[in-house]
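> let's see this in three dimensions:
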Amino acid sequence: MATNPPTQANDGTVAQPFVLPIAREEVQVSVRQIDTGRGVRIHKTVSEQDHRIDQSLLRDVVSVRRVPVDKIVSLSEAPTARQDGDTWIVPILEEVLVVEKRLRIKEEVHITRTAHAEPFSDTVVLRSEHVSIERFDEGPEPEVNSTNGGTHHATHTDRRL
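Here you go, the predicted structure:
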């Protein structure tokens with residue numbers, strides 16, 4: 001507190017110092033939870049419906065054809081598997097005894113791959129969800145804008161997912 005020194009008045013008496021109290025305010029902020037009686041209840045249902053799909057599927061068909069060759073080759077000329085377009089040619093080798101040992105191509109296996117498209121049909125199950133919101137407020141129901149531009153009360157709004 002601030003005090004003033006004693007002063008002498010006009011009549012010769014000494015005046016007592018005047019004390020001026022200084023006040024300061026403080027604030028304290030807190031958060032508390034209040035039950036307003038408002039709430040929301042959500043109902044969700046799942047429905048199933050059959051949906052037919054038509055799609056073309058690819059399937060590979062392999063044909064195997066044996067081609068006799070019967071050709072004698074040296075060890076350095078022994079062929080390996082090779083590809084000719086869509087056909088794999090796999091030589092089948094056999095050792096034969098002669099006066100000397102030689103390789104003879106007994107046959108080749110030609111494997112051809114062709115793709116065929118065939119129609120495919122099946123029935124699958126599609127699920128969709130329906131949600132309704134029930135408010136149990138004390139006040140009037142707020143209006144909610146729907147995705148198609150109209151307005152609905154929140155308790156009557158369904159939404160497909």
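
> adjacent strands (with direction) for the strand or helix carrying R102?
Taking DSSP states H and E as the definition, R102 sits inside strand 101-135. Strand 101-135 pairs in its sheet with strand 40-73 (antiparallel), strand 87-97 (antiparallel), strand 158-160 (antiparallel), by DSSP bridges.

> and of those strands, who's closest to H116?
strand 40-73 (5.8 Å; Cβ to Cβ). For every residue, glycine as well, the C-beta is placed using N, CA and C.

> what's downstream of that closest one, the next helix or strand?
strand 82-84.

> tell me how far that next one is from the chain's mean position?
Distance, stretch centre to chain centre, for strand 82-84: 43 Å (Cα atoms, centre = their mean, to the nearest Å).

> tell me what it is packed against?
With contacts defined as 3 or more Cβ pairs under 8 Å, 6 or more residues apart in numbering; DSSP states H and E, strand 82-84 has these neighbours: strand 87-97.

> with only the CA atoms kept, save the strand it packs on in PDB.
Extracted in PDB, the C-alpha atoms of strand 87-97 (Å, rounded to 0.1, in the frame of the first residue of the first chain):
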ATOM      1  CA  THR A  87       4.700 -72.400 -79.800                       C
ATOM      2  CA  TRP A  88       7.500 -73.800 -77.500                       C
ATOM      3  CA  ILE A  89       9.600 -76.500 -79.100                       C
ATOM      4  CA  VAL A  90      11.200 -78.900 -76.600                       C
ATOM      5  CA  PRO A  91      13.600 -81.400 -78.100                       C
ATOM      6  CA  ILE A  92      13.700 -84.900 -76.600                       C
ATOM      7  CA  LEU A  93      17.200 -86.200 -76.800                       C
ATOM      8  CA  GLU A  94      18.300 -89.800 -76.600                       C
ATOM      9  CA  GLU A  95      21.800 -91.400 -76.600                       C
ATOM     10  CA  VAL A  96      22.300 -94.300 -79.000                       C
ATOM     11  CA  LEU A  97      25.200 -96.600 -79.100                       C
END
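
> for that strand, the distance to its chain's centre please.
With Cα atoms, centre = their mean, you get 52 Å for strand 87-97.

> if you count neighbours, what's buried in it?
The neighbour-count check on strand 87-97 (16 or more other Cβ atoms under 10 Å) flags 88-89, 91 as buried.

> which member of those is positioned nearest V67?
I89 (8.4 Å).
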